[in-house]
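> Next comes the sequence, and after it the predicted model I'd like to discuss.
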Amino acid sequence: MAEVTTHITTTQSGEGQHTRRLWLVRHGLTEWNTQQRYCGHRDIPLSAQGRAQALWLAERLQKEMISAIYTSDLVRARETAEVIAHQRTPAVQIMVSAAWRELNFGEWEGLTYTQIAEQFKDQLGFFTDPEHHSPPNGELVAHMQQRVKDALSTIMQSDDLPTAGDVVIVSHGGPLRVLLCGLLGMPLQRQWQLRLDPGSLSAIDLLPVHEPTVPHVVLALLNDQYAMPTDHTAKSPASIGAASWNPENRREQGTVRDG
């Protein structure tokens with residue numbers, strides 16, 4: 001994946017330029033997440049657990065200087081963003097965009113991995129080569145990647161973005177993983193190595209540096225989350241064991257379903 005150009009906007013003060021932080025929020029848990037169903041563009045609301053996660057996220061971000069909140073237009077993301085925004089005084093305006101939606105899983109929407117493997121035996125290329133294969137009648141990862149890249153560039157170049165303060169983006173597992181890959185210069189094939197659970201918080205610092213040998217993007221936080229009950233906690237590759245961690249079963253074992 002090509003690197004995402006951020007065109008960082010910074011403020012000038014007696015101390016020089018300031019770092020801009022992007023807080024990346026994966027929406028709270030839904031019933032489809034707990035049922036291990038693929039959820040892309042289907043508009044599934046937060047569960048009770050997901051609303052509790054949203055309240056935790058609001059509390060977690062309470063003391064941060066947030067200047068803008070952007071969110072996917074799907075209800076599970078909007079509900080999460082609204083809780084975060086409304087817990088602040090004064091409330092922060094929410095900007096809603098379909099560009100931050102999850103991947104469209106097409107005919108796989110609402111199905112579990114087991115159901116997909118049984119019903120689409122000859123159409124599973126997405127799991128091993130997502131850059132060139134999409135779910136049947138679904139969206140290519142490359143398309144999602146481009147809309148996310150364009151959305152971030154629009155935010156960072158917007159005249160409406162305050163010159164100071166952090167930015168919160170409330171989205172879904174897929175868009176946030178490809179965004180992180182782009183910002184960190186990681187190959188898209190490594191997106192599965194980025195664990196982003198529902199209701200989790202990650203952060204990227206955009207540094208106002210101009211030295212070619214100094215990184216201008218730093219991963220500051222990954223997958224910080226509310227302490228969920230164990231039956232809702234997804235297993236990581238490390239907890240599964242390397243022997244069983246392969247492209248054929250990673251979607252079944254490695255994470256709560258995207259959405």
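Right, received. Where do you want to start? Numbers count the residues shown, from 1 in each chain.
> Just give me how far stretch 34-52 sits from the chain centre.
14 Å (CA atoms, centre = their mean, to the nearest Å).
> Put the alpha carbons of it into PDB.
Presented in PDB, the C-alpha positions along stretch 34-52 are these (Å, rounded to 0.1, in the frame of the first residue of the first chain):
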ATOM      1  CA  THR A  34     -20.300 -11.600  19.300                       C
ATOM      2  CA  GLN A  35     -21.900 -14.100  16.900                       C
ATOM      3  CA  GLN A  36     -18.800 -14.000  14.700                       C
ATOM      4  CA  ARG A  37     -20.800 -12.700  11.700                       C
ATOM      5  CA  TYR A  38     -19.200 -10.600   9.000                       C
ATOM      6  CA  CYS A  39     -20.700  -7.100   9.100                       C
ATOM      7  CA  GLY A  40     -19.800  -4.600   6.500                       C
ATOM      8  CA  HIS A  41     -22.400  -2.200   5.300                       C
ATOM      9  CA  ARG A  42     -25.300  -3.800   7.200                       C
ATOM     10  CA  ASP A  43     -26.500  -1.200   9.700                       C
ATOM     11  CA  ILE A  44     -26.300  -3.100  13.000                       C
ATOM     12  CA  PRO A  45     -26.500  -1.100  16.300                       C
ATOM     13  CA  LEU A  46     -24.400  -1.400  19.400                       C
ATOM     14  CA  SER A  47     -25.200  -4.100  21.900                       C
ATOM     15  CA  ALA A  48     -25.400  -3.300  25.700                       C
ATOM     16  CA  GLN A  49     -21.700  -4.300  25.900                       C
ATOM     17  CA  GLY A  50     -20.900  -2.000  23.000                       C
ATOM     18  CA  ARG A  51     -22.600   1.000  24.700                       C
ATOM     19  CA  ALA A  52     -20.600   0.300  27.800                       C
END
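> And the strands in the chain, which stretches?
In the chain, the segments counted as strands under DSSP state E are 20-26, 66-72, 94-97, 166-171, 200-206, 217-225.
> got a markdown table for those strands, with mean pLDDT, mean neighbour count and distance to Gln36 too?
Just so you know, the C-beta spots here come from the backbone N, C-alpha and C atoms, and that holds for glycine as well. Putting the strands of the chain into a markdown table (pLDDT from 0 to 100; neighbours: other CB atoms under 10 Å; distance: least, CB to CB, whole Å) gives the following:
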| stretch | mean pLDDT | mean neighbour count | distance to Gln36 |
| --- | --- | --- | --- |
| strand 20-26 | 97 | 25 | 16 |
| strand 66-72 | 96 | 21 | 21 |
| strand 94-97 | 97 | 16 | 28 |
| strand 166-171 | 97 | 26 | 20 |
| strand 200-206 | 96 | 21 | 17 |
| strand 217-225 | 95 | 15 | 18 |
